[in-house]
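Undergrad: could you look at this predicted model? Sequence included:
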Amino acid sequence: MIRLALLTFSAGACALIAPAALAQDAELPYWASIDAEEAYLRRGAGEQFPIDWVYTREGLPVRVVRLIQGWRYVEEPDGTMGWMYEGLLSRRRTAIVTGEGIVAMRADPADSAPLRWNLEPGVIGELGDCAEGWCELDVDGHKGWVEQSRLWGAGEP
């Protein structure tokens with residue numbers, strides 16, 4: 001009887017723990033974006049740790065490289081790394097224009113395609129499909145193709 005009770009308790013405990021464990025099993029690294037008007041990057045995985053940076057750019061792409069109990073260790077475009085609460089992040093893919101000088105946003109994925117807009121470094125847009133060195137980017141409804149080499153947040157994390 002005691003053995004049956006222990007088996008029942010063990011099975012019940014596993015059923016409760018399994019969903020939480022699966023939530024921590026995301027394939028790493030992966031891309032995410034800041035999904036809050038204000039997000040804190042901390043030195044450790046918890047509110048008791050000091051804040052190193054306060055981000056006010058909703059949509060900024062980040063690369064998630066580790067996870068611990070509701071916290072994500074992220075890298076942002078300039079290489080800064082720290083811990084961010086998971087509720088401040090979205091799996092929505094965005095990208096930021098990097099490099100020196102402006103980059104062309106084209107109507108099609110080719111250097112010869114008509115120019116739609118010029119984008120400055122630091123512009124953030126929602127990322128679409130990428131193929132053959134080009135990515136679709138939507139910057140506040142302005143859509144076009146940008147060279148993938150000028151985007152941080154595109155490609156494999």
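TA: Alright, I've got the coordinates. Worth saying up front: this structure is predicted, and the values here are computed from it rather than measured.
Undergrad: and the residue nearest the centre of the chain, what element?
TA: Centroid-nearest residue in the chain, with CA atoms, centre = their mean: A32, separated by 1.4 Å. Assigned by DSSP states H and E, A32 belongs to strand 30-34.
Undergrad: about what we covered before: looks like the residue nearest to the centre of the chain contacts R91 (just checking).
TA: Yes: in this structure, A32 is within contact of R91 by CB atoms under 8 Å, at 5.8 Å. The way it works is simple: take the backbone N, C-alpha and C, and place the C-beta from them, glycine included.
Undergrad: quick one on the thing from earlier: what's the strand holding A32 packed up against?
TA: Secondary-structure packing of strand 30-34 (3 or more CB pairs under 8 Å, 6 or more residues apart in numbering; DSSP states H and E): strand 61-68, strand 89-90.
Undergrad: could you redo the last one with a cut-off of 10 Å?
TA: If contacts are counted by 3 or more CB pairs under 10 Å, 6 or more residues apart in numbering; DSSP states H and E, strand 30-34 sits against strand 61-68, strand 71-75, strand 89-90, strand 94-97, strand 124-131.
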